[in-house]
Structures are given as C-alpha cells and as structure tokens.
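Colleague: here is the input, now give the coordinates:
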Amino acid sequence: MARYLIRCPKGTRPNGPVGRLLRRLVRGGLVTVSEGELVLTDTGRRETRGCAGLSGWRADAPRKPSDRQRVAERYGKARCFLRPEVLGYPVCDKRGKVRCDGLRAAFSRAKQLVSRGVAPTVSREVARKALRRACREKCAWTVRAARC
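Modeller: Numbering: from 1, shown residues only. Predicted coordinates:
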C-alpha cells in the first residue's frame with residue numbers, strides 16, 4: 001500500500017474548496033490526518049455505485065437478448081426463466097445454475113410492479129413462482145424472512 005505525505009498550505013480555510021475536498025477524502029477513508037499533516041494512502045478501493053445487494057447477480061445475469069437465448073437453448077426455458085414465453089425474469093446465471101440471487105431479484109422486481117399497478121396479475125404470478133422456487137431451493141432470504 002503506497003503512502004503519500006501532503007502538507008496543507010498555511011492559511012487553508014476549513015470551509016474553502018481545499019478544506020471541503022480534504023473532508024471528503026477523510027470521510028471516504030482515503031486520507032488520515034495526524035498533527036496538521038495529511039497522509040494519503042492508496043487503498044486500492046474504487047468507489048462503486050448501484051445496488052450493492054444484487055451486485056453478484058448483476059455480474060452473472062443473462063442481460064442481453066443473445067445471452068438469454070443461449071441460456072434458454074442450452075439449459076431450458078422453463079428451468080431458467082419465470083416467464084419462459086418472453087424470456088423474462090431469468091433465475092439462472094450464464095452457466096445455467098439456478099441462483100438464489102436471481103430468484104430474489106425476480107421476486108422483488110415483480111413485487112415492485114404489483115405495487116405500481118403495472119400488469120398486476122402477471123407480476124403477482126411471477127412473484128408467487130419466485131417464492132415457491134426459492135423455498136424449494138432453500139434460499140436463505142426465504143428462510144430468514146419465514147416466508148416458506
């Protein structure tokens with residue numbers, strides 16, 4: 001881990017642009033302050049955005065139509081999709097393994113659409129299917145919430 005020593009210029013105002021930048025760096029864990037000196041440490045950490053709960057599934061989900069068609073041909077439509085007629089709500093990753101993360105993503109997305117009133121009957125059916133399959137797969141998110 002690389003360390004860099006930065007000396008603050010005299011007269012740096014705490015509410016000025018430099019002070020605001022330094023506060024942001026300290027909050028982000030990239031800088032430590034000791035006796036008027038700043039030590040900038042390269043942690044190798046990169047700022048990520050997006051939904052942290054589904055980040056693993058996001059990387060493995062078949063998102064493009066070509067990926068979805070390939071998964072459907074190789075591993076079966078009914079097994080890997082909760083709406084197989086339109087290749088919607090994938091629950092298998094690109095390697096054909098049914099993932100609890102995919103089931104959770106399908107369940108939460110379907111519940112969102114039900115609450116918004118967008119195709120409520122189809123979405124309600126998808127949410128039920130996702131919950132049943134998750135219980136069958138013994139996914140942790142169903143056991144914790146006592147949904148089974």
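
Colleague: test my guess that Arg133 contacts Leu103.
Modeller: Yes - with contact defined as Cβ atoms under 8 Å, Arg133 counts as touching Leu103 (5.8 Å). The way it works is simple: take the backbone N, C-alpha and C, and place the C-beta from them, glycine included.

Colleague: between these two, which is the more surrounded one?
Modeller: Neighbours were tallied for Arg133 and for Leu103 using other Cβ atoms under 10 Å; the higher tally belongs to Leu103 (26 against 20).

Colleague: got the confidence number for that one?
Modeller: In this model, Leu103 is scored at 96, pLDDT.

Colleague: ok, the residue lying closest to it once chain neighbours are set aside to Arg74 distance?
Modeller: Leaving aside its sequence neighbours, Leu103 sits nearest to Ala134 (Cβ to Cβ, 6 or more residues apart in numbering; 4.3 Å). Distance, Ala134 to Arg74, by Cβ to Cβ, to the nearest Å: 23 Å.

Colleague: helices of the chain, start to end?
Modeller: For the chain, the helices defined by DSSP state H cover 17-27, 55-60, 65-75, 77-80, 100-116, 120-137, 140-144.

Colleague: so which of those helices is the most packed in?
Modeller: Of all the helices of the chain, helix 100-116 carries the top mean neighbour count, a mean of 19, counting by mean count of other Cβ atoms under 10 Å.

Colleague: what is in contact with Arg133 and Leu103 at once?
Modeller: Val91 (Cβ atoms under 8 Å, 6 or more residues apart in numbering).

Colleague: how's the chain carved up into domains?
Modeller: The record's domain parsing of the chain by automatic domain parsing lists 3-41, 52-144.

Colleague: quick one: Ala105 from Phe81, how far?
Modeller: 13 Å.

Colleague: got the helices of the chain as a markdown table, with distance to Val91 columns?
Modeller: Shown next, in a markdown table, are those (distance: least, Cβ to Cβ, whole Å):
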| stretch | distance to Val91 |
| --- | --- |
| helix 17-27 | 38 |
| helix 55-60 | 10 |
| helix 65-75 | 10 |
| helix 77-80 | 6 |
| helix 100-116 | 4 |
| helix 120-137 | 7 |
| helix 140-144 | 13 |
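
Colleague: with adjacent residues omitted, what lies nearest to Ala78?
Modeller: Sequence neighbours aside, Pro84 is the residue nearest to Ala78 in space, at 5.2 Å (criterion: Cβ to Cβ, 6+ apart).
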